[in-house]
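Have a look at this prediction, sequence included:
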Amino acid sequence: MLTRLSGMDTAFFDMETAHAHMHVTGTLILDPSTMPGGRDPAKLEELLLQRLSAQRFFSRRVLRPLLGDAVWVDDPRFEVSAHVFRVDLGGNGSQRELGEVLGRAAGRQLDHHRPPWELWMIDGLAGGLVGAIIKVHHAAVDGVGGAKMMASLFDLEPNCTSQNTAHSSTQPRHKALPSPVRLGRWALQSILQQPALLVDAVRHTARESVWPALKTILAPDRHLPPAAKQRCRTVLNRTVGPQR
């Protein structure tokens, strides 16, 4: 099944470079001491994967047709193991060591030929805690979607049997990727079916982006606040790299 991405979500893929990644990252510090059956990081990982499997990006990747916006398609080569990474900090891992793992995870660009997410499980934190780093491309979740996704991973009670646990992380099997001809035909039909939206998009872009940009180019100093004309020397005033 093909599902069109919005123009903004497509832009998130187009804007990404090797030095400026477009994924969002969330880090969880979990206390497994109240888990039924005792502390079990493997069981915790399985549970997180079960919950993640309910998300549309779990086994779907993005393809770009020659025309139009990008589309979500089922990935026939999907392998859960390619998205899960495990790190053991030895039983007394500090917050600093966790931060180093987080920096390594955040600095790794997501593979655009796979579903755009990763799960990093960090065992061996001090106090028996377990860390989980979840990375998802910004084209798959925005701020609100990311908050809802994180909320769907948890229950309020240790023995809860809510519908969240009904999802399965069983390896899905999909058909082959659509051919370039089919993909191009689908994109062309999608464009032809939405001429009014295209006109509105062009008008909106001209009004909200092109005209303000022209005014700024013609009179740059007039549109900047005084503070924007000053360059302050700070430790943060450096070129941003993939490790941030």
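Yep, it's here. Residues are numbered from 1 along each chain as shown.

Break this protein into its domains for me.
The record's domain parsing of the chain by automatic domain parsing lists 3-178, 194-229.

rank those domains by mean pLDDT and give me the bottom one.
Per-segment mean pLDDT for the domains of the chain reaches its minimum on domain 194-229, at a mean of 66.

what bridges to the nearest residue to Pro178 once chain neighbours are set aside?
Of all residues not flanking Pro178 in the chain, Val73 sits nearest, at 6.3 Å (C-beta to C-beta, 6 or more residues apart in numbering). Where C-beta positions appear, they are placed from N, C-alpha and C, glycine not excepted. Beta-bridge pairing of Val73 under DSSP bridges involves Arg61.

Going along the chain, name the strands of this structure.
Taking DSSP state E as the criterion, the chain carries its strands at 3-4, 23-30, 60-63, 71-74, 84-93, 117-125, 130-137.

And the fourth one, what does it pack against?
Using 3 or more C-beta pairs under 8 Å, 6 or more residues apart in numbering; DSSP states H and E as the contact criterion, the neighbours of strand 71-74 among helices and strands are strand 3-4, strand 60-63, helix 180-192.

wait, which of the strands of the chain is closest to Glu100?
Nearest of those to Glu100, taken as C-beta to C-beta: strand 84-93 at 9.6 Å.

one step back: thought Lys175 was touching the residue nearest to Pro178, still the case?
No. The criterion here is C-beta atoms under 8 Å, and Val73 misses it with Lys175 at 9.7 Å.

Of the two, which one has the most company?
A direct count of neighbours by other C-beta atoms under 10 Å for Val73 and Lys175 places Val73 higher, at 19 against 9.

Against His23, how distant is the more buried one?
Counting by C-beta to C-beta, to the nearest Å, the gap from Val73 to His23 is 19 Å.

again with Arg61
On the measure of C-beta to C-beta, Arg61 and His23 end up 14 Å apart.

re the thing from before, relative to Arg108, how far out is the residue nearest to Pro178?
Using C-beta to C-beta, Val73 is found at 23 Å from Arg108.

do the same with Thr34
32 Å.

what do you get for Pro65?
According to C-beta to C-beta, Pro65 stands 28 Å off from Arg108.

And the two? Which one has more around it.
Pro65 (21 against 16).

The more buried one and Leu5 touch, don't they?
No. Between Pro65 and Leu5 there is no contact under C-beta under 8 Å: 10.9 Å.

and for those two, which residues touch both?
Counting by C-beta atoms under 8 Å, 6 or more residues apart in numbering, the common neighbours of Pro65 and Leu5 are Val71.

Return the set of buried residues in stretch 73-85.
Residues of stretch 73-85 classed as buried: 73-75, 78, 80, 83, 85 (neighbour count, 16 or more other C-beta atoms under 10 Å).
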